[in-house]
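Trainee: Got a predicted structure here, sequence first:
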Amino acid sequence: MVRWKRTSNSLREDAFTSSTRQWRLVQTGLGANTARCVANLIVDHDPDLVCLLGFAGGLDPSLLTGDTVEGGVVWSAETGEVVVPVPLGVAARMKELLSTKIIVESPEAKAELFRRHGCAAVEMEAFEVGKVCEAHGKSWMTARAISDASNEAFPKELGGIVKPSGDLSLLSLGVAVVKTPSLVVPLYRLYGNSRKAKQGLQYIVLKLVKVLT
């Protein structure tokens, strides 16, 4: 059982042992905060391997919600730079990923990113984490479950419901629904997507533990 606790480096953190390997689970949050957290954790714990797991938006139309992808290469949408993770084979597909600094909300924006970069999925942390790991001489990997397919939109009205931690703000969610009752339908879709994505992430975690122990 994971017993989360707050620390100075992360939002929630716990440690456990599986077989002879020690693991440290950390909830880092979204975007740049993740890279800062990883940098501190590397200094404090000197890990053999950094594993960045989470969710991503689909850019490749062949990816469905709940599908799993492991990053073979991670590109920065802003600079065009690239970082290369260690391949472990813990997801159904090995694909190129794209890191952005903002949530990509619309199918049109996803289609444009897919046209320009050809990457299978988009997320907000892997490139910066990869740069931090490379600077410290640490091996790293990343794998993601698809939380929204390329043809699915994230309503702009819900942009404020995701906290920097990655958790939902129930207050912001309630305010958004009161202002725009029609959000109930996309919210129901998002709920279904989150369940599928969670199952995909569980698949990744089980494969990762099996590979590393």
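Mentor: It's in.

Trainee: what's the single longest helix in the chain?
Mentor: helix 184-212 (DSSP state H).

Trainee: Isn't residue 85 up against residue 140?
Mentor: Yes. Taking CB atoms under 8 Å as the contact criterion, residue 85 and residue 140 are neighbours in contact, 5.6 Å apart. (Each C-beta comes from the backbone N, C-alpha and C, glycine too.)

Trainee: Pull up the overlap in contacts between these two.
Mentor: By the contact definition CB atoms under 8 Å, 6 or more residues apart in numbering, residue 85 and residue 140 are jointly contacted by residue 130.

Trainee: returning to that earlier point: run through the neighbouring helices and strands of the longest helix of the chain.
Mentor: In terms of contacts (3 or more CB pairs under 8 Å, 6 or more residues apart in numbering; DSSP states H and E), helix 184-212 is packed against strand 49-58, strand 68-76, strand 139-148, helix 170-179.

Trainee: Could you tell me the angle between the first one and strand 68-76?
Mentor: Using axes from the mean of the first three to the mean of the last three CA atoms, to 10 degrees, the inter-axis angle of strand 49-58 relative to strand 68-76 is 90 degrees.

Trainee: could you give the angle of strand 49-58 to helix 184-212?
Mentor: Note on geometry: by the same axes, to 10 degrees, strand 49-58 and helix 184-212 are set 150 degrees apart in direction.

Trainee: do the same with the third one
Mentor: An angle of 150 degrees separates the directions of strand 139-148 and helix 184-212 when computed by the same axes, to 10 degrees.

Trainee: One more: the second one?
Mentor: The directions of strand 68-76 and helix 184-212 differ by 100 degrees, with the same axes, to 10 degrees as the criterion.
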